[in-house]
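Q: sequence-free structure coming up:
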């Protein structure tokens, strides 16, 4: 079965550079979520999109922005990178909410290292 | 407000030992409850879920029962294996938005 695809899997950047992370949800999933997991920490919700519109916002820094495109893939843009941005960035997708719960399917993550 | 509290780790067990990882939540409504597992170097995977009171989720020998009266969703396994070594996250969906609130994660190491 198709899974959530994230690219790149690994990314190394220098301080103050920019980075773009991409997420391709499972086909027919309409919602995409972004999470940040720092070393040894639990995943923190950043932002989500439903039908190409921002639906929920968490602890996303102002230096970051994201969007969902017409094909439902999403990109997380990160500018003025800081050492503390080094983390594993997960994307998750969920299908149209046909029931009372919201199951999210996670991608393998992009490991960003800022030097 | 809505929150989740998960037993802190790390937890080290011998193979075939009994495992319990506690998870409790505070909610104004009735959340759906999930356990996710993260194996070393991998992404988050759904382990099991329960969507209403008294539901029992189960997968790979793990079980968790949605206890509304104690607002808990403890993860249990009767006999752990070395391959169960991973970090386990309790994640309620409080139905107030689209995000999950992950617990702090419990690192489990099973030794032969």
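A: Right, received. Where do you want to start? Computed from a predicted model, the values in this text were never measured in an experiment. Residues are numbered from 1 along each chain as shown, chains lettered A, B, ... in the order given.
Q: Could you show which parts of chain A are in contact with chain B?
A: Applying the criterion C-beta under 8 Å from any C-beta of the partner chain, the portion of chain A that neighbours chain B consists of A:31, A:33, A:41-45, A:48, A:50, A:55-56, A:58, A:90, A:92, A:94, A:99-109. Glycine gets a C-beta too; all of them are placed from N, C-alpha and C.
Q: Poorly predicted segments of chain B, please.
A: Low-confidence regions of chain B, defined here as pLDDT under 70, cover residues B:96-99.
Q: same thing but at 90, please
A: Within chain B, the ranges that satisfy pLDDT under 90 run B:1-4, B:7-9, B:27-32, B:40-46, B:51-52, B:91-105.
Q: By proximity to chain A, which residue of it wins?
A: For chain B, the residue positioned closest to chain A under C-beta to the nearest C-beta is residue B:32, at a distance of 3.5 Å.
Q: My reading is that residue A:84 lies in a helix. Confirm?
A: Yes: when the secondary structure is assigned by DSSP: H, G, I helix; E, B strand; the rest coil, residue A:84 falls within a helix.
Q: check contacts around it.
A: Residue A:84 makes contacts with A:38, A:114, as judged by C-beta atoms under 8 Å, 6 or more residues apart in numbering or on different chains.
Q: ok, it to chain B distance?
A: According to C-beta to the nearest C-beta, to the nearest Å, residue A:84 stands 19 Å off from chain B.
Q: same thing with residue A:66?
A: 14 Å.
Q: do the same with residue A:67
A: From residue A:67 over to chain B the distance is 16 Å, taken as C-beta to the nearest C-beta.
Q: now residue A:72
A: 15 Å.
Q: Could you check how far that residue is from residue A:34?
A: Taking C-beta to C-beta, to the nearest Å as the measure, residue A:72 falls 14 Å from residue A:34.
Q: Between those two, tell me which one has more neighbours.
A: Looking at residue A:72 and residue A:34 with other C-beta atoms under 10 Å in any protein chain shown, you find the greater number of neighbours at residue A:34, namely 25 against 20.
Q: Just give the nearest non-adjacent residue to that one, would you?
A: Once flanking residues are discounted, residue A:34 sits nearest to residue A:46: 4.2 Å by C-beta to C-beta, 6 or more residues apart in numbering or on different chains.
Q: returning to that earlier point: mark which of the residues of chain A next to chain B are buried, thanks.
A: When neighbours are counted using 16 or more other C-beta atoms under 10 Å in any protein chain shown, these contain these buried positions: A:31, A:33, A:42-45, A:48, A:50, A:55-56, A:58, A:90, A:92, A:94, A:101-109.
Q: So which of these sit within strands?
A: When DSSP state E is applied, those are split such that A:31, A:33, A:44-45, A:48, A:50, A:55-56, A:90, A:92, A:94, A:105-106 fall in strands.
Q: Can I get those residues in TSV including pLDDT?
A: What follows is those, written out as TSV (pLDDT from 0 to 100):
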residue	pLDDT
A:31	90
A:33	93
A:44	90
A:45	90
A:48	92
A:50	89
A:55	88
A:56	86
A:90	94
A:92	92
A:94	88
A:105	87
A:106	89
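Q: Tell me which two of those residues sit farthest apart.
A: Of all pairs drawn from these, the one with the longest distance (C-beta to C-beta) is A:44 and A:50, at 19.6 Å.
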